[in-house]
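> 3D model of this:
(one chain, ligands or ions: 1)
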Amino acid sequence: MKRMVIALLVVLALFIGLIYALLQVNWLSLLGLERLSANTEQTLGEALWKVQSKTFTLLDSTHYYSAADTILQRIAAANGIDRSTIQLHIVENAEPNAFAMPAGHMVVHTGLMHATTSPEQLAGVMAHELAHIRLGHVMKQLMRTVGLSLIIRMAAGEAADMIESTAGTLTTMAFSREMEAEADATGVKYLLETGVDPEAFAQFMEYIQENQTTQVPEWMSTHPDSGSRAEEIRKLAAAQSANKAPAQLLLSDATWLKVSGLR
Ligand SMILES: [Zn+2]
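Prediction:
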């Protein structure tokens, strides 16, 4: 009897051990699915952009593009990021939104440029989106929402209806809480390396929260509420303040005045 109990206990312990070991394995990364091949992402990114861009009013004015591009170039240069890997698009839309799409596409609404009161605030949102791109969040989130087989089919040019509906969801794609926290932390690091005080981003977050628009922009889209996210950004900035590069002028006043809405 005693032997049987011991044998049972041993089996139980082995079973628990096995379950524990299985839980420790990161299956997604083991199977190589965490980041799909760059090629798949590139093809999918192009297909989605082709569909998505038709729904946008792409802006003809060079003022907006060059203001956002200058900010992006500064952040990229200060953080060792190849600017040519990011496709920047300015879209005429009153919502203060910006979002990332597969293959490094970053879309910035004119409404965001009008709602921000300084280039530093705009840089805060752009750094957050750049972080989503650099951390591979867009494809990870697509894996979660549409799944691997559909991603592969869409990249192969099949499932046209799916490409259309997926493109539509990208403007408000909700990332996980962890991804948002990660993008905020990396965004703060990018800003500090660029010599931009992340306080501007925290303040803009609070402003948007108090003046909530109908559609919640991507960079605000998730729990925890933006009040505590703004606080978190301040904490992150304080913790990394030793890495802060000397403050630099992101844009000249003349350039900024051409694009800001002077709210
Ligand atoms: Zn985000």
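
> Go through stretch 191-209 and flag the buried ones.
The neighbour-count check on stretch 191-209 (16 or more other Cβ atoms under 10 Å) flags 191-205, 207-208 as buried. Yep, even glycine has a C-beta here, placed from its N, CA and C like the rest.

> near the ion, from those residues?
Among those, no residue is within reach of the ion (Cβ under 5 Å from the ion).

> Where helices are concerned, which of those residues count?
When DSSP state H defines the helices, the subset of those inside them is 191-194, 199-205, 207-208.

> can you list these in CSV and add distance to Ile75 and pLDDT?
Shown next, in CSV, are those (distance: Cβ to Cβ, whole Å; pLDDT from 0 to 100):
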residue, distance to Ile75, pLDDT
Leu191, 8, 96
Leu192, 11, 96
Glu193, 8, 95
Thr194, 5, 95
Glu199, 16, 96
Ala200, 13, 95
Phe201, 12, 95
Ala202, 17, 94
Gln203, 18, 94
Phe204, 16, 92
Met205, 18, 90
Tyr207, 21, 88
Ile208, 20, 85
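
> For Ala242, state which of these is nearest.
Distance to Ala242, by Cβ to Cβ, is smallest for Leu192 among these, at 9.2 Å.

> Contacts only, for the closest one.
Listed by Cβ atoms under 8 Å, 6 or more residues apart in numbering, the contact partners of Leu192 are Pro198, Ala237, Gln240, Ser241, Asn243, Lys244, Ala245.

> Now, of those residues, which are buried?
Buried among the contacts of Leu192 (16+ other Cβ under 10 Å): Pro198, Ala237, Gln240, Lys244.

> So which of the residues you listed belong to helices?
Ala237.

> least confident pick among the buried ones among the contacts of Leu192?
Minimum pLDDT for the buried ones among the contacts of Leu192 is recorded at Lys244 (82).
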